[in-house]
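Engineer: mind looking at a prediction? Sequence and model below.
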Amino acid sequence: MKVSETELKGCFIIEPQIFSDERGYFFESFHKDKFQQLTNIEVNFLQDNEAFSNRGIIRGLHFQKGQFAQAKLVRVVKGKVLDVALDIRPGSKTYGKHFSIILSEKNKKQLFIPRGFAHGYAVLEDNTVFSYKCDNYYNKESESGVIYNDSDLLIDWMLKDEEVLLSVKDDKLKPLIKLE
C-alpha cells in the first residue's frame with residue numbers, strides 16, 4: 001500500500017498493491033494497522049455505503065456537523081468519478097481549499113478524507129458504483145453542505161453545465177461563505 005498526503009493536511013491518497021494474473025486481480029482495500037502506521041491516524045470505521053450513478057450526477061459537497069462529523073475512505077468499484085475534498089476546518093491554513101482526484105475502477109486509488117472536510121464527487125462514466133467507509137454514523141439532523149458550483153472555490157468538476165444533475169437537496173446548498 002502506498003500512501004501520499006495531499007496538500008490538505010490529513011487528506012491522503014491510498015494506492016493499494018494489486019496482484020494480477022490470468023485469473024484476474026486481488027487487492028486489500030483496507031488494513032487498519034497498515035493504514036494507521038502509514039498515516040499516523042487512528043480510525044475506526046463504523047458504516048459502509050455504496051452509491052450507483054450515471055454520468056453527470058454530482059453528489060455533494062456534503063458533511064456532518066458537530067459530534068456527527070465523519071472521516072471517510074472513498075473508492076470506485078466500477079466506473080469513474082472526480083472526487084473532491086474541501087477543507088472547512090475553522091482555523092486551518094488550507095480552509096476553503098480543495099483537493100480533487102480521479103478515482104476509477106482502473107486505477108483503484110482511494111482517498112481518505114478526515115473529519116472537518118466537505119466531500120463530493122462528479123460521476124464521469126455511466127453505471128458507476130462508488131463505495132465509502134465512514135467512522136461515524138449518519139445523522140440526518142447534522143447533515144449540511146456547500147453548493148458544488150460556489151464561485152469562490154473554483155472547482156473544475158470536469159462536466160459541462162448542461163450535463164450536471166443534482167438532487168433537490170444539493171441544489172439548495174449555499175456557498176462556503178454562508179456556512180454557519
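Structural biologist: Yep, it's here. Residues are numbered from 1 along each chain as shown.

Engineer: show me where the protein has its helices.
Structural biologist: 32-39, 168-171 (DSSP state H).

Engineer: and among these, the most buried is which?
Structural biologist: helix 32-39 (a mean of 14; mean count of other CB atoms under 10 Å). Bear in mind the C-beta positions are built from the backbone N, C-alpha and C, glycine included.

Engineer: out of the helices of the chain, which is closest to residue 12?
Structural biologist: If you check each of the helices of the chain against residue 12 by CB to CB, helix 32-39 wins as the nearest, at 5.5 Å.

Engineer: and the closest one, how far from the chain's centre?
Structural biologist: Its chain's C-alpha centre and that of helix 32-39 lie 19 Å apart, by CA atoms, centre = their mean, to the nearest Å.

Engineer: next: stretch 79-87.
Structural biologist: For stretch 79-87, the distance to the chain centre is 5 Å (CA atoms, centre = their mean).

Engineer: cool, and stretch 13-21?
Structural biologist: The chain centre lies 19 Å from the centre of stretch 13-21; the measure is CA atoms, centre = their mean.

Engineer: can you pull the buried residues of that stretch?
Structural biologist: Residues of stretch 13-21 classed as buried by neighbour count (16 or more other CB atoms under 10 Å): 13, 14, 16.
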